[in-house]
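Peer 1: Whatever this is, show me its structure:
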Amino acid sequence: MCESARCSVHLEETDVNSDFACSDPDLTKFFRDEALVYERAGFARTYVVRKDAFDPPTFPTILGFYTISMTRVNKTEWPRTLPALDMDAPHGLPAALLGRMARHQSVPPSLRLGEWLI
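Peer 2: Numbering: from 1, shown residues only. Model (predicted):
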C-alpha cells in the first residue's frame, strides 16, 4: 500500500489490454505486447500508475509505466565523480536498470508524472 496520493503498482495482466498509448510507438508496443512477456520470463518488472478518484474522468486507466531489470556495474565503469568503492565485488555491484518509462499521451506534462514514476 502506498502512502502518497499517487503510487506505482505491479503490472497486472489486464493492464496491457488497457487503452495505453504514448507519443512513442515503440514504448506503446512494448507496454501492450512485451511487458507481460518480460514479466513471465523474469527479465524485468513493470509498474504502472493508475488513474485515481482525484483524476479527471477523462484520464485513461493507466497514466504511465516504468520497467526495471537487474544489472551490474563493474568497478571499471564506476563514475569518478562518485565516492570510490571500498567493496570487494569481483563480478560488479548489483544495480537496478530503468529500462522503459512512458506516460499516456493524454496526461499533461504539467502533472509531472515522470517524477512519480521514478
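Peer 1: ok, and the helix or strand in this structure with the lowest average confidence?
Peer 2: helix 113-117 (a mean of 79; mean pLDDT, DSSP states H and E).
Peer 1: In terms of secondary structure, what does it contact?
Peer 2: strand 45-50, strand 62-73, strand 93-103 (3 or more C-beta pairs under 8 Å, 6 or more residues apart in numbering; DSSP states H and E). The way it works is simple: take the backbone N, C-alpha and C, and place the C-beta from them, glycine included.
Peer 1: Kindly export the longest helix along the chain (C-alpha atoms) in PDB.
Peer 2: Longest helix in the chain, counting residues (DSSP state H): helix 35-41. In PDB, the C-alpha atoms belonging to helix 35-41 read as follows (Å, rounded to 0.1, in the frame of the first residue of the first chain):
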ATOM      1  CA  ALA A  35       5.900  -6.100 -20.800                       C
ATOM      2  CA  LEU A  36       4.000  -9.100 -19.700                       C
ATOM      3  CA  VAL A  37       6.300 -11.500 -21.700                       C
ATOM      4  CA  TYR A  38       9.300  -9.900 -19.900                       C
ATOM      5  CA  GLU A  39       7.500 -10.400 -16.600                       C
ATOM      6  CA  ARG A  40       6.700 -14.000 -17.200                       C
ATOM      7  CA  ALA A  41      10.300 -14.700 -18.300                       C
END
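Peer 1: Begin at 23 from now on, thanks
Peer 2: Happy to do that; since the first residue is 23 now, the last one works out to helix 57-63.
Peer 1: residues in contact with that helix?
Peer 2: 33, 35, 38, 66-68, 87, 89, 91, 122 (C-beta atoms under 8 Å, 6 or more residues apart in numbering).
Peer 1: Which of those residues are buried, as a PyMOL select command?
Peer 2: Those of the contacts of helix 57-63 that count as buried under 16 or more other C-beta atoms under 10 Å are selected in PyMOL with:
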select buried, resi 33+38+66+67+68+87+89+91+122
